[in-house]
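Novice: pasting a predicted model and its sequence here:
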Amino acid sequence: MAALRLSSRLALVTGGGSGIGRAVCQRFAKEGATVAVVDIDKGAAEETLRTLPSDQQQHVLFVTDVTSPEHVHSLMADIQARFSRPPCVAVNCAGITADRLLLKMESDAFDQVLKVNLKGTFLVTQAVAKALVASGAEKGSIINVGSIVGKVGNVGQANYTASKAGVVALTKTSAKELARFGIRCNTILPGFIDTPMAGKVPQKVLDKVLQLVPMGRLGDPTGGLFM
Ligand code: NAD
């Protein structure tokens, strides 16, 4: 049997209660990591926790709003108290949409999406990096979930696409600043993935999107490799 690639690692996953974040938690646990499932939705995080294979790992959930500096501060303190070490892998998956055409988009909808997708990613990146540096850990990996639409734009998503383009720039800067501490920062840009978030996209929009996808279907958050 192949060695578990994340054996003895502590991994934090925001947005771990659903979709891509849940699939990441499941895959990490399967690879031997202990997973901190972080989500604003307690019930969803509990549901994820129930699905995690746990041979020796003791996965834990944390109810956290990633837009709140106080919540993120408490999250890191709670993780330190529980595990006596910071997570060496952090995946920023928490995200929302509030789609509307630019001409009709309310300013609040713009702010809210930027707050969760971009500021939340900043707060968690900063908190994890501070904890890693303070602990003297020699390496870490922060993975931010952007989106392909942050690169190419998408009708009805001025707020979301701006937030995801921001995530790319934030990650590039984080990578430059944190490399000297052995912390790698990367963004992934998924296409359209079959999750509750994609379920909110009108069918006629999805039909158009699928015409651009060679496989003619939405992506599977598990990559089709798990479960
Ligand atoms: P999802 O809606 O299934 O899951 C998002 C999770 O984030 C939910 O569990 C939600 O409770 C949590 N969340 C929302 N606000 C939060 C907050 N303030 N604090 C903590 N948790 C919060 O969505 P998904 O499709 O799995 O998306 C995951 C990530 O992938 C998002 O960043 C999304 O923008 C990105 N993404 C999704 C797609 C797609 O097609 N589904 C494509 C590209 C990128």
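Specialist: That came through, no problem. Numbering: from 1, shown residues only.
Novice: the residue nearest the centre of the chain and the ligand, how far apart?
Specialist: Centroid-nearest residue in the chain, with Cα atoms, centre = their mean: C93, separated by 1.4 Å. Distance, C93 to the ligand, by Cβ to the nearest ligand atom, to the nearest Å: 4 Å. No exception for glycine: its C-beta is placed from N, CA and C like everyone else's.
Novice: verify the contact between that residue and L12 for me.
Specialist: No: assessed by Cβ atoms under 8 Å, C93 is found out of contact with L12, at 10.3 Å.
Novice: near the ligand, which residues of this structure?
Specialist: Residues of the chain lying near the ligand by Cβ under 6 Å from any ligand atom: 14-15, 17-21, 39-41, 44, 64-67, 93-96, 116-117, 120, 145, 147, 190, 192-193, 195-198.
Novice: filter the residues you listed down to the buried ones.
Specialist: 14-15, 17-21, 39-40, 44, 64-67, 93-96, 116-117, 120, 145, 147, 192-193, 195, 197-198 (16 or more other Cβ atoms under 10 Å).
Novice: narrow those residues to those in strands?
Specialist: Cross-referencing these against strands under DSSP state E gives 14, 39, 145.
Novice: so the last one bridges to which residues?
Specialist: So that's V145. I188 (DSSP bridges).
Novice: contacts for the one helix or strand R50 maps to, please.
Specialist: Secondary-structure assignment from DSSP states H and E places R50 in helix 42-51. Helix 42-51 is contacted by residues 16-18, 21-22, 25-26, 37-39, 59-63 when judged by Cβ atoms under 8 Å, 6 or more residues apart in numbering.
Novice: please repeat the previous calculation with a cut-off of 6 Å.
Specialist: Contacts to helix 42-51, defined as Cβ atoms under 6 Å, 6 or more residues apart in numbering, come from residues 16-18, 22, 25, 37, 39, 59, 61, 63.
Novice: list the buried residues for the biggest helix by length in the chain?
Specialist: Criterion DSSP state H: the longest helix present in the chain is helix 158-178. For helix 158-178, the neighbour count (16+ other Cβ under 10 Å) marks 158-168, 170-171, 174, 178 as buried.
Novice: now stretch 215-227
Specialist: Buried positions in stretch 215-227, judged by neighbour count with 16+ other Cβ under 10 Å: 218-219, 221-222.
Novice: from these, which land in helices?
Specialist: Among the buried residues of stretch 215-227, DSSP H puts none in helices.
Novice: low-confidence stretches in this protein?
Specialist: Where the chain drops to pLDDT under 70, the residues are 1-2, 225-227.
Novice: one more pass at 50, please.
Specialist: Scanning the chain for pLDDT under 50 picks out 226-227.
Novice: so which of the ones in strands among the buried ones among the residues of the chain next to the ligand comes closest to D111?
Specialist: T14 (19.2 Å; Cβ to Cβ).
Novice: return the distance of the residue lying closest to the closest one once chain neighbours are set aside relative to V209.
Specialist: The shortest distance from T14 to any non-neighbouring residue, by Cβ to Cβ, 6 or more residues apart in numbering, is to A94 (4.0 Å). Separation of A94 from V209 (Cβ to Cβ, to the nearest Å): 23 Å.
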